[in-house]
Structures are given as structure tokens and as C-alpha cells.
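J.: just the structure for this:
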Amino acid sequence: MLRGVDLMRKLLQTSLVISTRRIANTAFNKHLFITNVTLSLSLSGMGDVLQQHHNIAYKQQATWDITRTRHMTCTGMTVGALCHHWTVMLVTLRQVVVLCVVSVVVNGHDWGWGKCPRVDHSPNLSSDQLLGQWYVIEQFDTSSTCLTLNYTRVSPTQLKVTKSRQLVLLDSLRIEHTNSYTGTLDIPDGDKSGKMRVKWPLNIAGKADYIVFDTDGSSYAAVFECQQLTRIGHRASATILSKTPTLDAAIIAEIKKKMTDQGLDTHDFDVIDHSVCIRREDSDLNINIDEDTFKKIIGDASDSFKTIASQVMTFLQVANGASNFADTVVDVTRRLGASTNGSSDTSAAVLVDPDVELLA
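T.: Numbers count the residues shown, from 1 in each chain. So this is what the prediction gives:
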């Protein structure tokens, strides 16, 4: 058994296998469009050849019709281009679904009636004291592990805050992963750094209050976040932070007492486990969400729709004025970035430019 495993390992390390993997990686990543078109036209042509030989064998056809095979091959090339962009669009839509699932899984807020409660901010806090990485010791309603917050400065009146965590769903599937989620913190009043406004990418309701209500300025901090959704309801969350993975129980108790004194409920806290955490560089899956994520996904989907529509319209317009199907496909491929061997008849050879990519 061990000898067979060693033999397989040596086989996978041979120059032939390594070269094959390199070629496949180039074909299916850097030149995916050309690869998809080539596979489509090859399968269409081979399929027609097999079908005709079957017909000949069963006396349903006298001879091989090479013109029909050429037409089917050209059809496969055009269909391959359309299917390539359709697949890209489906992958983009799948990313949207993943983001929606992530937004549900990582929800760490509690819902309440009426207006957001009034919470006093820490009066002597400087925004510079927040900068750097903080470990989340406890947070409202979350099942995430290894949760941290990292604050970086964008401008004198704006910070970035990045949540990094591991999701319990993927942990249960034994998938090593990390998830980062970056929001923007605005400081409306420069001398009140403890009272900010936060905007998270997946929060379509807009900005929320982000109040640092307790801190010693160096080793621990406590944040209360609240968003007014309607006149009759709000969603709120509280987070206890530390510069180390653990925090003294007496400090945690004191923070919760301050919350109680201001009329805040402390029963929704969950303790964050930092015992088994995966480093980003060691993880198999990294899920990163920031303010540009949706812009990129929507932009990719829009480009895919436009490309598919453009190719369909091009095909229909050319087909309307072409004398036969082979002329149609040759003309279409010219418009989509290919060239021919200069002939204008139906047997013109199509030469696809390998540097042409229809999707940026």
C-alpha cells in the first residue's frame, strides 16, 4: 500500500505531469475564453463526424458531408463564445448568493423596539488610541470564532475597521478559512472620537451609530453599535475588545455594569473562542468583503449581460444578410476578434487571435 502511494507521488512529480498541470492552469485561467471556444468547436465537429459515420454504417447516408461538418464546427465556435460569457455571469451571480449567506451567518445584532438607546461616549478618547488590532472578547449574538477588529486611518475624520473571523458553518465542515469584512468609520465631530458613524458593505439600511463608551486607551475598549431602521424599531450590538486574546473578568464585569447603568441589556453577549485560529496565509479559503465587492460583482454581471446581448444581436444581424450559415459564422468571428485566411468563400479558414479577450 505504501509502495503504491510512493509510486503515485513520484508520478505526480514527473516533468510531464508538472508541464500538463501548468498548461491546464494557463488554458483555464489566463485564456479561458479561447479554451472554451476551442473545446466547443472541437466537440461539435467530432460529434458530427461520429454521427455521419454512424449514418453511413447503417446505410442512412452515402458519403461523409464535409461541408456539414464545417458548418457544425463553426456553430460550436459561436455557441462556445456565448456559453463562455453565460458561465461567467452565473459565477458572478453565485458570488452574490455567497455574500448573502455570509451576511446572515455573521449577523451579530439584537433587535429592539423604539429608538436607539442613548449611550454616552468615552470623553477623552483619541482616535489614534483605536488604531491597530483588537481581539473581540465578547459580542452580541454571534457564533463566529477568532473574531478581531483592525482599525486603520484613512483621513483625520475617517477610519477603516476590518472584522476578521472564522465562520462556525465552515468550521463544522472542516474547511480552513478566514473571513474579513471592512467598513468605514466617520468621525463627524473631531473632538468626540468616541462617537462615530459606521457603514458596512452588506448593510443596505445605511450608516449606524458607533460609540466607544468605555476604554482605558491602551488595553481594552467597549463599543456599542445601533442603527435606527424605522420609527418603531432598531438593531443594536455591543462588543468588548482587548489588545490580547483574553481579558480580566473584573474588567468585563465593570464594562457590563456600565451598560446596565445606561439601561442596556447584557444577556445577549457570546464569548469568542480564540484557542484555534487559522492564519490568513495558511487558510484554504479567504472570503473578503469591502465597499468595492458589490461594485465589482454588479459590474461583472452587467458586462456579461451586455456581451451576451451584443453577440446575439451581431449574430442575428449578420445572419440576416449572409448567403449561407458558413458565411454567417466567418463574418461573426471577424467581428468578435478573429480573422480568416483572406478567402471570401464558404470554406474560409477561421484564425482566432489568442490575445483577444472579450471580457475585461
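
J.: could you list the low-pLDDT ranges of the chain?
T.: The model of the chain has pLDDT under 70 over residues 1-12, 89-110, 167-178, 191, 280-360.

J.: if I pick His234, what's in contact with it?
T.: Taking C-beta atoms under 8 Å, 6 or more residues apart in numbering, we find His234 in contact with Trp111, Gly112, Gly114, Lys115, Cys116, Cys226, Gln227, Gln228. For the C-beta atoms, the positions are set from N, CA and C on the backbone; glycine is no exception.

J.: roughly how far apart are it and Ile252?
T.: Between His234 and Ile252 the computed distance is 25 Å (C-beta to C-beta, to the nearest Å).

J.: please apply the same query to Leu229.
T.: Counting by C-beta to C-beta, the gap between Leu229 and Ile252 amounts to 29 Å.

J.: neighbour count: those two, which is higher?
T.: Remark: of Leu229 and Ile252, Ile252 carries more neighbours, 19 against 13, as counted by other C-beta atoms under 10 Å.

J.: pretty sure that one contacts Glu138?
T.: Yes - Ile252 lies in contact with Glu138 (C-beta atoms under 8 Å); the separation is 6.9 Å.

J.: list residues touching both of these two?
T.: Among the neighbours of Ile252, those also in contact with Glu138 (C-beta under 8 Å, 6+ apart) are Ile240.

J.: how is Phe33 assigned, secondary-structure-wise?
T.: Here Phe33 is recorded as helix under DSSP: H, G, I helix; E, B strand; the rest coil.

J.: count the neighbours of Lys207 for me.
T.: By the measure other C-beta under 10 Å, the count of residues near Lys207 is 16.

J.: typo on my end, Asp189
T.: By other C-beta under 10 Å, 11 other residues sit near Asp189.

J.: what about it, distance to Cys226?
T.: For Asp189 relative to Cys226 (C-beta to C-beta), the value is 17 Å.

J.: repeat that for Cys74.
T.: Distance from Cys74 to Cys226, by C-beta to C-beta: 62 Å.

J.: ok, what's across the strand from Thr162?
T.: Residues in a beta bridge with Thr162, per DSSP bridges, are Asn150, Thr182.

J.: was I right to think Asp268 contacts Glu138?
T.: No - if you go by C-beta under 8 Å, Asp268 and Glu138 don't touch, sitting 9.7 Å apart.

J.: who has more neighbours out of those two?
T.: Glu138 (22 against 17).

J.: coming back round to it: out of the contacts of His234, which are buried?
T.: Cys116, Cys226, Gln227, Gln228 (16 or more other C-beta atoms under 10 Å).

J.: now, which of these sits nearest Gln51?
T.: Gln51 lies nearest to Gln227 out of these, by C-beta to C-beta, at 62.1 Å.

J.: quick one: secondary structure of the closest one?
T.: Assigned by three-state DSSP, the conformation of Gln227 is strand.

J.: and for it, nearest residue in space, chain neighbours not counted?
T.: Leaving aside its sequence neighbours, Gln227 sits nearest to Ala208 (C-beta to C-beta, 6 or more residues apart in numbering; 3.5 Å).

J.: need the contact list for the one you found.
T.: Here Ala208 is in contact with Arg197, Val198, Lys199, Trp200, Glu225, Cys226, Gln227, Arg235 (C-beta under 8 Å, 6+ apart).

J.: in stretch 253-265, what counts as buried?
T.: Neighbour-count burial for stretch 253-265 flags Ile255, Lys256, Met259, Leu264 (criterion: 16+ other C-beta under 10 Å).

J.: restrict it to CA atoms and write it as CSV.
T.: Extracted C-alpha coordinates of stretch 253-265, given in CSV (Å, rounded to 0.1, in the frame of the first residue of the first chain):
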residue,chain,number,x,y,z
ALA,A,253,-17.8,42.8,34.8
GLU,A,254,-17.2,46.5,35.1
ILE,A,255,-18.0,47.1,31.4
LYS,A,256,-21.3,45.2,31.7
LYS,A,257,-22.1,47.2,34.9
LYS,A,258,-21.7,50.5,32.9
MET,A,259,-24.0,49.1,30.2
THR,A,260,-26.6,48.2,32.8
ASP,A,261,-26.4,51.6,34.4
GLN,A,262,-27.3,53.1,31.0
GLY,A,263,-30.2,50.8,30.6
LEU,A,264,-28.6,48.3,28.2
ASP,A,265,-29.2,44.6,28.3
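
J.: show me where the chain has helices.
T.: Under the criterion DSSP state H, the chain contains helices at 2-12, 15-25, 32-57, 66-105, 168-172, 249-261, 293-321, 325-335.

J.: for stretch 241-254, which outside residues touch it?
T.: By C-beta under 8 Å, 6+ apart, the surrounding residues in contact with stretch 241-254 are 132-138, 149, 214, 218-223, 240, 274.

J.: narrow the residues you listed to those in strands?
T.: Counting by DSSP state E, the contacts of stretch 241-254 place 132-138, 149, 214, 220-223, 240 in strands.

J.: can I get those in TSV with distance to Pro156?
T.: Output for the ones in strands among the contacts of stretch 241-254, formatted as TSV (distance: C-beta to C-beta, whole Å):
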residue	distance to Pro156
Gly132	18
Gln133	21
Trp134	21
Tyr135	27
Val136	26
Ile137	29
Glu138	31
Leu149	20
Asp214	24
Tyr220	25
Ala221	20
Ala222	24
Val223	21
Ile240	27
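
J.: now which of the residues you listed would you call buried?
T.: Trp134, Tyr135, Val136, Ile137, Glu138, Leu149, Asp214, Tyr220, Ala221, Ala222, Val223, Ile240.

J.: tell me the one of those residues nearest Ile66?
T.: Checking those against Ile66 by C-beta to C-beta gives Leu149 as the nearest, at 67.3 Å.
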